[in-house]
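Chemist: requesting a structural model of the entry that follows:
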Amino acid sequence: MKTLKNYGWNEVHQTYWNEQRNELKKDTYTIGRVILEHKHMYRVFTEQGEWLSVCSGSLLHNALDRQDYPAVGDWVALEQMPGEQRGIIHSILPRTSIFSRKTAGETMTEQLIAVNVDIVFLVTSVNDDFNIRRLERYLVAAYDSGAVPVIVLTKEDLCEAPEDFIEQAQEIAFGTDVLAVSSKTGDGIEHVMALLEDGKTAALLGSSGVGKSSLVNAICGDQTMTVQTIREDDAKGRHTTTHRELIPLPAGGALIDTPGMREFQLWNDHESIEGSFSDIDSLSASCKFNDCRHQFEPGCAIQRALSDGSLAEDRFASYLKLQREIAYLERKTNTQAQAAERKKWKTITKSQRK
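Modeler: Residues are numbered from 1 along each chain as shown. Next up is the predicted model:
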């Protein structure tokens, strides 16, 4: 019989639960983990079974943005509906990590990809779909999430020189593990599994068709996920996973598989960029002027590195692009936050007058 430990329960979560249980002051509440998110409904694992659950009216009333709602991976306090295998979610335990992105399109909202994960596996295949600039984006978000990023290069058995891809990934992933694996032959899978010991939770993130579902099957030792292949004509992936789902591992812990993402817009701050581009940050510290814009200023270490080839032009261009993107996002979200604050106080004032 599966217990909470099979789903990644540990001492940190127990401490949070003890604190929240004292605040809630209701013995009928139990703890569970969100394993699947439906539209306005959640499938939650508890030690009394899996319950299809909804948020309580109080939780919905107090929710201001996406982070105030449950997500796959959340630990939640819930109450069983009398006589049914259904639950009502009353609160969300504090999260240990949050991996998110900007919602696709023009909308300035946050989309939660994975929460409460210890490790983020950034998955990409060693073929024409390999994109170092996209990998940089994933790394920026991963460094900011609070989880440990690990790059996993899949389909090693289909590549004649996987070491070339490993070297490219290592050049941008300072201090981050880079693992090459083959879900078909099993090569390298043991290194991935070793990182998941002690009941850790990991999220698999990457584009469509890069081998995330095959990797889940290789780790779990069965056909947990349906698998589709990459199209031969353009090496682009087909969508396999259509929703986020938490999968318990046979030895304990869990994996969160996510739908493939062609578009990945950041929802972060400048500090996460500095962590991902520490080479450029170190060069900036060597510039003659503290306010150097890295254009035509004398003594610019960045321009010197670009000239002698020690800093690749496309990497610096990617750095500038991500900085502009985050600066724009911060301006827009600050404007939205101010508007939301004004709207909130307008509502409070109206209710007080009544």
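Chemist: contacts only, for the closest residue to residue 46 other than its chain neighbours.
Modeler: In space, and not counting its chain neighbours, residue 46 is closest to residue 32: 3.9 Å by Cβ to Cβ, 6 or more residues apart in numbering. Just so you know, the C-beta spots here come from the backbone N, C-alpha and C atoms, and that holds for glycine as well. By Cβ atoms under 8 Å, 6 or more residues apart in numbering, the contact set of residue 32 is 44, 45, 46, 51, 53, 75, 76, 78, 87.
Chemist: run through the bridge partners of the fifth one.
Modeler: Partner residues in beta bridges with residue 53, using DSSP bridges, are residue 42, residue 87.
Chemist: let's have the chain start at 20 instead
Modeler: Done: numbering now begins at 20, and the last item shifts to residue 72.
Chemist: what about it, distance to residue 208?
Modeler: Applying Cβ to Cβ, to the nearest Å, the value for residue 72 to residue 208 is 34 Å.
Chemist: helix/strand/coil for residue 130?
Modeler: Of the three states, residue 130 takes strand according to DSSP: H, G, I helix; E, B strand; the rest coil.
Chemist: what's the answer for the one 3 residues further on, then?
Modeler: On the three-state scheme (three-state DSSP), residue 133 is labelled strand.
Chemist: of residue 72 and residue 208, which one has the most company?
Modeler: Neighbours per residue, other Cβ atoms under 10 Å: of residue 72 and residue 208, the larger number sits with residue 72, 25 against 17.
Chemist: isn't the more buried one right next to residue 64, touching?
Modeler: No. Proximity of residue 72 to residue 64 does not meet the contact threshold set by Cβ atoms under 8 Å, at 10.5 Å.
Chemist: using the record's domain definitions, break this structure down for me.
Modeler: When the chain is parsed with automatic domain parsing, its domains come out as 23-111, 117-276, 289-368.
Chemist: any idea which helix or strand carries the residue nearest to residue 65?
Modeler: Per DSSP states H and E, residue 51 falls inside strand 49-56.
Chemist: for residue 186, same thing?
Modeler: Per DSSP H and E: helix 181-191 holds residue 186.
Chemist: who are the packing partners of that helix?
Modeler: The helices and strands touching helix 181-191, judged by 3 or more Cβ pairs under 8 Å, 6 or more residues apart in numbering; DSSP states H and E, are helix 151-164, strand 167-173, strand 196-199.
Chemist: just the domains of the chain: most buried one?
Modeler: domain 117-276 (a mean of 19; mean count of other Cβ atoms under 10 Å).
Chemist: what's the end-to-end length of it?
Modeler: Its start and end residues considered, domain 117-276 measures 15 Å (Cα to Cα, to the nearest Å).
Chemist: got it, and stretch 40-48?
Modeler: Stretch 40-48 end-to-end distance (Cα to Cα) = 8 Å.
Chemist: mind listing residues that contact it?
Modeler: 96, 97, 98, 99, 109, 110.
Chemist: closest to residue 330 among those residues?
Modeler: Nearest to residue 330, judged by Cβ to Cβ, of the contacts of stretch 40-48 is residue 110 at 48.0 Å.
Chemist: in TSV, list the contacts of residue 51 along with distance to residue 339.
Modeler: Output for the contacts of residue 51, formatted as TSV (distance: Cβ to Cβ, whole Å):
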residue	distance to residue 339
63	44
64	44
65	48
70	48
72	45
94	39
95	41
97	46
106	48
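Chemist: can you redo these as a markdown table with pLDDT, distance to residue 223 and secondary structure?
Modeler: Formatted as a markdown table, the contacts of residue 51 follow (pLDDT from 0 to 100; distance: Cβ to Cβ, whole Å; DSSP: H, G, I helix; E, B strand; the rest coil):
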| residue | pLDDT | distance to residue 223 | secondary structure |
| --- | --- | --- | --- |
| 63 | 96 | 21 | strand |
| 64 | 96 | 19 | strand |
| 65 | 95 | 25 | strand |
| 70 | 96 | 25 | strand |
| 72 | 96 | 24 | strand |
| 94 | 96 | 20 | strand |
| 95 | 96 | 22 | strand |
| 97 | 94 | 26 | strand |
| 106 | 95 | 27 | strand |
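Chemist: what is the nearest of the residues you listed to residue 338?
Modeler: Closest to residue 338, out of all of the contacts of residue 51 and judged by Cβ to Cβ, is residue 94, at 36.4 Å.
Chemist: tell me which two of the contacts of stretch 40-48 sit farthest apart.
Modeler: Maximum distance among the contacts of stretch 40-48 (Cβ to Cβ): 15.3 Å, for 99 and 110.
Chemist: and the gap between the nearest residue to residue 229 once chain neighbours are set aside and residue 137?
Modeler: Excluding the flanking residues, the one nearest residue 229 by Cβ to Cβ, 6+ apart is residue 144, at 4.4 Å. Using Cβ to Cβ, residue 144 is found at 24 Å from residue 137.
Chemist: where does the prediction get shaky in this protein?
Modeler: The chain contains residues with pLDDT under 70 at 44, 120-129, 241-261, 279-294, 347-373.
Chemist: ranges for the strands of it?
Modeler: With DSSP state E, the ranges of strands along the chain come out as 49-56, 61-65, 68-74, 94-99, 105-111, 117-121, 129-134, 138-144, 167-173, 196-199, 220-225, 264-267, 273-276.
Chemist: tabulate the ones you listed (CSV), appending distance to residue 346.
Modeler: Shown next, in CSV, are the strands of the chain (distance: least, Cβ to Cβ, whole Å):
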stretch, distance to residue 346
strand 49-56, 31
strand 61-65, 35
strand 68-74, 34
strand 94-99, 34
strand 105-111, 31
strand 117-121, 13
strand 129-134, 17
strand 138-144, 24
strand 167-173, 23
strand 196-199, 30
strand 220-225, 24
strand 264-267, 34
strand 273-276, 30
